[in-house]
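In: Generate coordinates for the sequence data below:
(one chain, ligands or ions: 2)
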Amino acid sequence: MQRIILHLDLDYFYAQVEEARNPEIKNKSVVICQYSGRSEDSGAVATTNYIARKFNVKSGLPIKTAKNLLQNTDSVFISANHELYESISESIMNVMRKYSDTFEQLSIDEACIDISNKMNNDYQSATVYGNKLQHEIKTSENLTCSVGIGPNKLIAKMAADSNKPNGTTVITPENVEDFLFPQAVNKLYGIGPKTQSKLAEYKIRTIKELADSKRELLIDEFGQKFGVYLHDSAHGIDNEPVKDKPADQIGRIVTLKEDSKDIDTISKSLIDLSKDLFDQTQEKKITFKTVSISAIMEDLTICQRSKSFEIFQNSNEIIADTSQELLKTFLLQEPRKLRRIGVRVSNFSQTKGQTNLFDFNI
Ligand code: DGT
Ligand code: CA
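Out: Numbers count the residues shown, from 1 in each chain. Ligands and ions are numbered 1, 2, ... in the order given. Predicted structure coming up:
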């Protein structure tokens, strides 16, 4: 059966979040730093905006090198605010979950959904649907993302990657070869520099050359599992289903209209979130033992408070009352204002582990 998979990847995610909350930095190089704490500048670049990338400043680079490359240019260096990125990621994933029952989160800023049935296998409707999702994310979190639509997870992901930022790329089954074949082999997922140079020894440089190569040769060189993967993916074949894994926790989080410590204002938001979360637990037939609140403070630190029960719960009252109780106690002890408030449930009666999109050991 033919499928339609939609892959979403947020553009320069951490850096874009910082731009969204501080638009003055938009015209500068924005470098998000993961400081190791050993010395003042030790650590690596987590990501950068596209202006910094023009100066070759990218993920993984030592912060010192980035500073050298951006010397005498207009640039800002920001220490990564992981809690903020995670909470925004959670909100976006919740938006995307509404677009299909079959949803798989692949990383903090990537996810895919199977929309075959929903779109009645029509690529035109799928494109409109993808644009609608992009629009909703822009409206709710003021962030752009790139969307790829294709007949499987591999093509959808490569399509999203091929046109960034804010791109929508649709590869129909008829166009798969035209899309894949001219690209270099390292554009296929799972092909790193080592595999690339091994393939170069056989004069295999493009995906077409890989597709035209002998399957047996690839199996001899790379082993059964990876050899078959290489040959199949060069032909655009990927039968991996979108794995709708039950999450080990689900939550709802929202940014307050303004930073606040006022119990009535925050309570109101929490009541709405609790109702939303309850609806989701009903839909997914989830029972839980733990209710937590997360508060992202004005200085972006995160505080969590939880309460666990002896037996599994599944009522609206438990979520609403427990979260209110946790909030009240928290506000009494906390002098700072809150920026975002969230509620989550965890400790489900059944959970499954996370797996990655491509889990080869290479
Ligand atoms: P993109 O997708 O090319 O527009 O740019 P990003 O920044 O969204 O890159 P992506 O999708 O590879 O990674 C998503 C986020 O994950 C990114 O914003 C920061 C984080 N990240 C990626 N690579 C690294 C890394 O090497 N170190 C650290 N600490 N974080 C990373
Ligand atoms: Ca990204």
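In: count of residues packed around the residue of the stretch 201-350 of the chain found nearest ligand 1?
Out: Residue of the stretch 201-350 of the chain nearest ligand 1, by C-beta to the nearest ligand atom: residue 300 (16.1 Å). Any C-beta I mention is one placed from the backbone N, CA and C, and that applies to glycine too. For residue 300, the count of nearby residues is 15 (other C-beta atoms under 10 Å).
In: Am I right that it is in contact with residue 79?
Out: No: counting by C-beta atoms under 8 Å, residue 300 does not reach residue 79; the two are 9.9 Å apart.
In: Let me see the contact set for the residue of the stretch 101-250 of the chain found nearest ligand 2.
Out: Here the residue of the stretch 101-250 of the chain nearest ligand 2 is residue 109; by C-beta to the ion that distance is 4.5 Å. By C-beta atoms under 8 Å, 6 or more residues apart in numbering, the residues touching residue 109 are 9-10, 13, 89.
In: Within range of ligand 2, give me the residues from this protein.
Out: Contact residues, the chain versus ligand 2 (C-beta under 5 Å from the ion): 9-10, 13, 109.
In: Go through those and say which is closest to ligand 1.
Out: Nearest to ligand 1 among the residues of the chain next to ligand 2 is residue 13, at 3.4 Å by C-beta to the nearest ligand atom.
In: So for the most centrally placed residue in the chain, what's the pLDDT?
Out: Nearest residue to the geometric centre of the chain (C-alpha atoms, centre = their mean): residue 109, 1.8 Å. Per-residue pLDDT puts residue 109 at 97.
In: do the same with residue 350
Out: For residue 350, the predicted pLDDT is 54.
In: what does residue 353 give?
Out: 39.
In: and which of the contacts of residue 109 is nearest residue 161?
Out: Nearest to residue 161 among the contacts of residue 109: residue 9, at 6.8 Å, using C-beta to C-beta.
In: which ones are touching the closest one?
Out: Contacts of residue 9 by C-beta under 8 Å, 6+ apart are 109-110, 145-148, 157, 160-161, 164.
In: That one pairs with what?
Out: residue 110, residue 146 (DSSP bridges).
In: low-scoring pLDDT stretches of this structure, where are they?
Out: 350-362 (pLDDT under 70).
In: could you pull out the strands for it?
Out: Secondary structure of the chain (DSSP state E): strands at 5-10, 29-35, 43-48, 75-79, 103-107, 110-114, 145-150, 168-170, 249-260, 288-297, 302-313, 338-348.
In: okay, those in JSON lines with distance to residue 325 next?
Out: Converted to JSON lines, the strands of the chain look like this (distance: least, C-beta to C-beta, whole Å):
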{"stretch": "strand 5-10", "distance to residue 325": "35"}
{"stretch": "strand 29-35", "distance to residue 325": "36"}
{"stretch": "strand 43-48", "distance to residue 325": "37"}
{"stretch": "strand 75-79", "distance to residue 325": "34"}
{"stretch": "strand 103-107", "distance to residue 325": "30"}
{"stretch": "strand 110-114", "distance to residue 325": "33"}
{"stretch": "strand 145-150", "distance to residue 325": "37"}
{"stretch": "strand 168-170", "distance to residue 325": "45"}
{"stretch": "strand 249-260", "distance to residue 325": "17"}
{"stretch": "strand 288-297", "distance to residue 325": "9"}
{"stretch": "strand 302-313", "distance to residue 325": "7"}
{"stretch": "strand 338-348", "distance to residue 325": "12"}
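In: among these, which is nearest residue 208?
Out: Of the strands of the chain, nearest to residue 208 by C-beta to C-beta is strand 145-150, at 17.8 Å.
In: Need the CA coordinates for the closest one. CSV is fine.
Out: In CSV, the C-alpha atoms belonging to strand 145-150 read as follows (Å, rounded to 0.1, in the frame of the first residue of the first chain):
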residue,chain,number,x,y,z
CYS,A,145,10.0,24.9,10.3
SER,A,146,10.7,22.9,7.1
VAL,A,147,8.3,20.2,6.0
GLY,A,148,9.0,17.2,3.7
ILE,A,149,6.3,15.0,2.3
GLY,A,150,7.1,11.7,0.6
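In: Apart from its chain neighbours, what residue comes closest to residue 66?
Out: In space, and not counting its chain neighbours, residue 66 is closest to residue 57: 4.7 Å by C-beta to C-beta, 6 or more residues apart in numbering.
In: what sits against that neighbour?
Out: When the contact criterion is C-beta under 8 Å, 6+ apart, the partners of residue 57 are 29, 31, 45, 48, 66, 69-70.
In: Got the domain ranges for this structure?
Out: The chain resolves into domains spanning 5-13+83-175, 15-81, 181-234, 249-357 when parsed by automatic domain parsing.
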